[in-house]
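# sequence plus predicted model, see below.
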Amino acid sequence: MTPPTEPTPGGTVLSVRGLCVRFEMRDGSYVRAVTDASFDLAAGECLALVGESGCGKSVLASALLGLLPANASVAGSAVLGDAGSGAGGLDLLAADERVLAREVRGRRVGLVPQSPVAHLTPVRTVRSHLDETVRALTGTSGPDGVRAAAGRAAFPEDHLDRHPHQLSGGLAQRAATALALVGDASLLLADEPTTGLDRDLVERTVDELRRHTGDHRALLLITHDLAAAGRIADRVAVMYAGRLVEITDAAAFFGAPGPRHPYARGLLNALPERDFAPVPGLPPELGALPEGCAFAPRCDRASEACATVPELTSGVACHHVAVARA
Amino acid sequence: MLELRDVTAGYDRRAPVVRGVSLTVRVGEAVGLLGPSGCGKSTLARVAALLHRPDAGQVVLDGEPAAGWRHRAPRAQRTSFGVVFQQPRLSADPRLPLARLIAEPLRANGRPVDAVPELAETVGLTADLLGRRPHEVSDGQLQRACLARALALRPRWLVCDEMTAMLDASTTAALVGVVEAYRRESGAGLLAVGHDRVLLERWCDRTVGWAELTSA
């Protein structure tokens, strides 16, 4: 077992190349949930993965943790740790269950789950959750470790003996975050951590995630909440029908010059503080994707060029943006 | 006009979650009710839609006091509300294909179900989705079906309780667009409950904060 190396600020924590996930259905057809996703994540960086529900965002997170169901097949690579130095580089997609269970989940990749109340065991107190996690991941036990773990996520000590149903949404979120931080993982994966929370709580939750990222961790924030993404992300990746259609600097995306891909522009303009106008139509079925650019049927700029799938070049996958640039 | 007069409601008479609240939705008006989670705004919305019997106070529909709650409400009063809840998965029967789901209020009232395709089109559901069951569609698609169901009986008031809290920006804008198109054409009133100030202020004619409602 190679000891995980402490990533240096700016060093690569995760490098994903050509990640594809498809599910084989009972009738022999395939659902292509993620197609050819490539991105890097550096220490100290927050990448927000945004897109409509059902676009494949959460499947990507499950693939990184080896939590896909049995009918899924995965291609590509997702190297955790600094592959350049040769130390600690581990391809998550090639790793077997034993490695994932003993070295990766909780230790090198921490998961902040969607709906924390459902993630916690209902019949056990927060203290009991933390105690077990601290014991399993650090080998120490006793009240000090639990108190320190709770403190890191600002979980109040006088609530440690409560059961999940006795916690408010915000405190349940902090309990789940505390569990994700125990192993001191270099990569934090937050899958829709703010669904169903009110605005103040959304802001507090993402601010805390940002704080935990610090200089030495990387945060992959998967969300459909653009306002939350805009608040803390350094870079934004937009997913549509299983493909990354734009990866760009968050300041440029939310500010000027704005998104370049027509779908990304439409999504951002749908916000009530902007045009409040929906992207017309519905997203395509991942089991029956159109030929060529999957967004073409909803795009006002669609032309013959859209019959082929556009490459992701200089951060955007759209024929028209590429044409405009040439 | 929909009036809530001095309503006290909750789940334990000794500790009501709503105390002495009054709120009026005028004809054709869209009122946003803004408050943090757990404040009691959903309980008030359920009282307004005749789904929860208040401990005290009155709900008055166009001058006529509500005569009952839930299934005891007279049909004419009960069916003058369309309600959309936050979580479509919890408010849709998992056994029913979307077409049946949308048709439920029509069937329950002995009306012809041939309005279903048109309702589906209004909310942007394509024909191939209508034969699917809830687990075969996304949250956004299911919420579209729940909105179509709420519009099926052409209600005079719509109550939307966090209708878009689970949805992405584009689906949110689309569903709000559907509600507003229906209101323009029918003159229906709206009570939209939520915690997103930006959304409610953009959507509604008037937004009331929970704090001002309970202190007044």
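The structure has been received and is ready for your questions. Residues are numbered from 1 along each chain as shown, chains lettered A, B, ... in the order given.

# and the helix or strand containing residue A:190, which residues are buried?
Using DSSP states H and E, residue A:190 maps to strand A:187-191. The neighbour-count criterion (16 or more other CB atoms under 10 Å in any protein chain shown) identifies A:187-191 as the buried residues of strand A:187-191. Yep, even glycine has a C-beta here, placed from its N, CA and C like the rest.

# what do you get for stretch B:188-200?
When burial is assessed from 16+ other CB under 10 Å, stretch B:188-200 yields the following buried residues: B:188-196, B:199-200.

# quick one on the thing from earlier: adding pLDDT and distance to chain B, write the buried residues of strand A:187-191 out as JSON lines.
Below are the buried residues of strand A:187-191 laid out as JSON lines (pLDDT from 0 to 100; distance: CB to the nearest CB, whole Å):
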{"residue": "A:187", "pLDDT": "95", "distance to chain B": "25"}
{"residue": "A:188", "pLDDT": "95", "distance to chain B": "22"}
{"residue": "A:189", "pLDDT": "95", "distance to chain B": "20"}
{"residue": "A:190", "pLDDT": "95", "distance to chain B": "17"}
{"residue": "A:191", "pLDDT": "91", "distance to chain B": "14"}
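
# thinking again about what came up before, paired strands for the strand holding residue A:190, with orientation please.
Sheet pairing here is set by DSSP bridges, and for strand A:187-191 it gives strand A:109-112 (parallel), strand A:218-223 (parallel).

# now mean neighbour count too, for these, in CSV please.
Rendered in CSV, the data for the strands paired with strand A:187-191 read as follows (neighbours: other CB atoms under 10 Å in any protein chain shown):
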stretch, mean neighbour count
strand A:109-112, 25
strand A:218-223, 25
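
# low-scoring stretches of chain B, by residue?
For chain B, residues meeting the criterion pLDDT under 70 lie at B:216.

# do the same with chain A
Low-confidence segments of chain A, defined by pLDDT under 70, are located at A:1-9, A:82-88, A:322-326.

# mind naming the longest helix for it?
helix A:199-213 (DSSP state H).

# what's the answer for chain B, then?
helix B:169-186.

# so what does the next helix or strand after that helix touch, helix or strand wise?
Scanning forward in sequence from helix B:169-186 by DSSP H and E, the next helix or strand is strand B:189-194. Under the contact criterion of 3 or more CB pairs under 8 Å, 6 or more residues apart in numbering or on different chains; DSSP states H and E, the helices and strands touching strand B:189-194 comprise strand B:18-25, strand B:30-34, helix B:41-48, strand B:157-161, helix B:169-186, helix B:197-203.

# and the fifth one, what does it pack onto?
Translated: helix B:169-186. helix A:262-269, helix B:116-122, helix B:139-151, strand B:157-161, strand B:189-194, helix B:197-203.

# mind redoing it with 6 Å?
With contacts defined as 3 or more CB pairs under 6 Å, 6 or more residues apart in numbering or on different chains; DSSP states H and E, the secondary structure elements packing on helix B:169-186 are helix B:139-151.

# interface residues of chain A facing chain B?
Listed as neighbours of chain B in chain A under the rule CB under 6 Å from any CB of the partner chain: A:52-54, A:198-199, A:224, A:226, A:267, A:270-273, A:276-279.

# now those residues: which count as buried?
Burial by neighbour count, 16+ other CB under 10 Å: within those this picks out A:52-54, A:198-199, A:224, A:226, A:267, A:270-272, A:276, A:278-279.

# in helices, which of those residues appear?
Cross-referencing these with the helices (criterion: DSSP H) gives A:199, A:226, A:267 as the overlap.

# JSON lines for those residues, including distance to residue A:299?
Converted to JSON lines, those look like this (distance: CB to CB, whole Å):
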{"residue": "A:199", "distance to residue A:299": "31"}
{"residue": "A:226", "distance to residue A:299": "19"}
{"residue": "A:267", "distance to residue A:299": "13"}
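
# quick one: which of those is nearest residue B:118?
Set against residue B:118, the nearest of those by CB to CB is residue A:267 (28.4 Å).

# tally of neighbours for residue B:185?
Applying the criterion other CB atoms under 10 Å in any protein chain shown, we find 9 residues in the vicinity of residue B:185.

# do you have the strands of chain A handy? List them.
Counting by DSSP state E, chain A has these strands, from start to end: A:12-24, A:30-42, A:46-50, A:72-80, A:90-91, A:109-112, A:187-191, A:218-223, A:235-240, A:243-249.

# who does the nearest residue to residue A:58 once chain neighbours are set aside bridge with?
Once flanking residues are discounted, residue A:58 sits nearest to residue A:191: 5.6 Å by CB to CB, 6 or more residues apart in numbering or on different chains. Note on residue A:191: beta-bridge partners residue A:222, judged by DSSP bridges.

# residue A:191 contacts residue A:223, doesn't it?
No: counting by CB atoms under 6 Å, residue A:223 is not a contact partner of residue A:191; they are 8.5 Å apart.

# tell me which two in the buried residues of stretch B:188-200 are the farthest apart.
Within those, B:188 and B:195 form the most distant pair, 23.3 Å apart (CB to CB).

# tell me which parts of chain B are close to chain A?
By CB under 6 Å from any CB, the part of chain B that sits against chain A consists of B:36-37, B:138-140, B:168-170, B:173-174, B:195-196, B:198-199, B:202.

# and the contacts of stretch A:231-248?
With contact meaning CB atoms under 6 Å, 6 or more residues apart in numbering or on different chains, stretch A:231-248 is reached by A:32-35, A:37, A:39, A:45-51, A:55-57, A:206, A:210, A:249-250, A:253, A:261, A:263-264, A:284, A:286, A:289, A:294-295, A:315-317.

# now which of those residues would you call buried?
Judged by 16+ other CB under 10 Å, buried ones among the contacts of stretch A:231-248: A:32-35, A:37, A:39, A:45-51, A:55-57, A:206, A:210, A:250, A:253, A:261, A:263-264, A:284, A:286, A:289, A:294-295, A:315-317.

# what about residue A:66, how many residues close to it?
A count of neighbours around residue A:66, defined by other CB under 10 Å, yields 18.

# for it, what are its contacts?
Applying CB under 6 Å, 6+ apart as the definition, the contact partners of residue A:66 turn out to be residue A:100.

# quick one: it from residue A:237, how far?
Applying CB to CB, to the nearest Å, one obtains 21 Å for the distance of residue A:66 from residue A:237.

# neighbours around residue B:59, how many?
Around residue B:59 there are 22 other residues, counting by other CB under 10 Å.

# contacting residues around it?
Contact analysis of residue B:59 by CB under 6 Å, 6+ apart lists B:4, B:66.

# residue B:195 contacts residue A:200, correct?
No: Residue B:195 is beyond contact range of residue A:200, at 8.3 Å (criterion: CB under 6 Å).

# what about the residue lying closest to residue B:126 once chain neighbours are set aside, neighbour count?
In space, and not counting its chain neighbours, residue B:126 is closest to residue A:282: 6.5 Å by CB to CB, 6+ apart. Counted by other CB under 10 Å, the residues lying close to residue A:282 total 22.

# likewise residue B:112?
Look at residue B:112: counted by other CB under 10 Å, it has 9 neighbours.

# burial count for the nearest residue to it once chain neighbours are set aside?
Beyond its immediate neighbours in the sequence, the residue positioned closest to residue B:112 (CB to CB, 6+ apart) is residue B:106, lying 7.0 Å away. Neighbourhood size, residue B:106 [other CB under 10 Å]: 18.

# I figured residue B:106 hits residue B:113, correct?
Yes: at 4.9 Å, residue B:106 counts as touching residue B:113 under the criterion of CB under 6 Å.

# which residues does residue A:31 contact?
Counted by CB under 6 Å, 6+ apart, residue A:31 has contacts A:23, A:286-287.

# what about 7 Å?
By CB atoms under 7 Å, 6 or more residues apart in numbering or on different chains, the contact list for residue A:31 reads A:22-23, A:25, A:286-287.
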